[in-house]
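J.: build me a model:
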Amino acid sequence: MATFFNYVTDIRTICSSHPQVAANYYGDNIQIDSESKNLYPAIIVEPAPANIVNGAIDYVINIVCVDLMKIDRSHDLEIDSKIIQILTDVIGDIKMNEAFKEFSIDPDITLSPIDPSPEFNDSLLGWSVQITATAKLQKTGCSNSIINN
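T.: So this is what the prediction gives:
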């Protein structure tokens, strides 16, 4: 069944399977263990607003990948390159994975850099990608369902 839970769980499985990803979280960046240097690069799968239109639902999530940067920022290019490669690998796996056959994945995907966060002493560099998957709404048994058929 094409549910938000299945969508996110399958994406987290793909992220965890990437050989360069040391940790993955669901929620927001508060989940990140900023004390442990062994847990990077890390991926955070963040929920975003979902849209319901014409009997379908668009599940939107942000996938954020972060890594530790040097204080002098001398390795930013290498870190950016590694993070972009991780995210493109994850995107490719999502688009090709059989688990997503019930979804229509939006082909237009943009990678965006994230500014270092003061919450983590400006020590994390990252990129994010927003992925939208559309699924047909399914009845759940609720008597007040928004699905008419």
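
J.: quick check: closest non-adjacent residue to the residue positioned nearest the centre of the chain.
T.: Using Cα atoms, centre = their mean, the residue of the chain that lies closest to the mean C-alpha position is residue 63, 2.1 Å off. For residue 63, ignoring the flanking residues on the chain, the nearest one in space by Cβ to Cβ, 6 or more residues apart in numbering is residue 129 at 5.1 Å. Where you see a C-beta, it was placed from the backbone N, CA and C, and this is true even at glycine.

J.: the one you found is in contact with residue 60, isn't it?
T.: No - assessed by Cβ atoms under 8 Å, residue 129 is found out of contact with residue 60, at 11.3 Å.

J.: hang on, the earlier thing: just checking: what are the partner strands of the helix or strand where the residue nearest to residue 63 lies?
T.: For residue 129, the enclosing helix or strand under DSSP states H and E is strand 124-136. Taking DSSP bridges as the criterion, strand 124-136 sits next to strand 56-68 (antiparallel), strand 104-105 (antiparallel), strand 111-114 (antiparallel) in its sheet.

J.: picking that back up, any idea how far residue 116 is from the residue nearest to the centre of the chain?
T.: 19 Å (Cβ to Cβ, to the nearest Å).

J.: any regions of this structure where pLDDT drops low?
T.: For the chain, the stretches flagged by pLDDT under 70 are 1, 29-37, 117-122, 139-149.

J.: ok, which stretches of this protein are helices?
T.: Assigned helices in the chain, in chain order: 4-17, 76-96 (criterion: DSSP state H).

J.: all set now, cheers.
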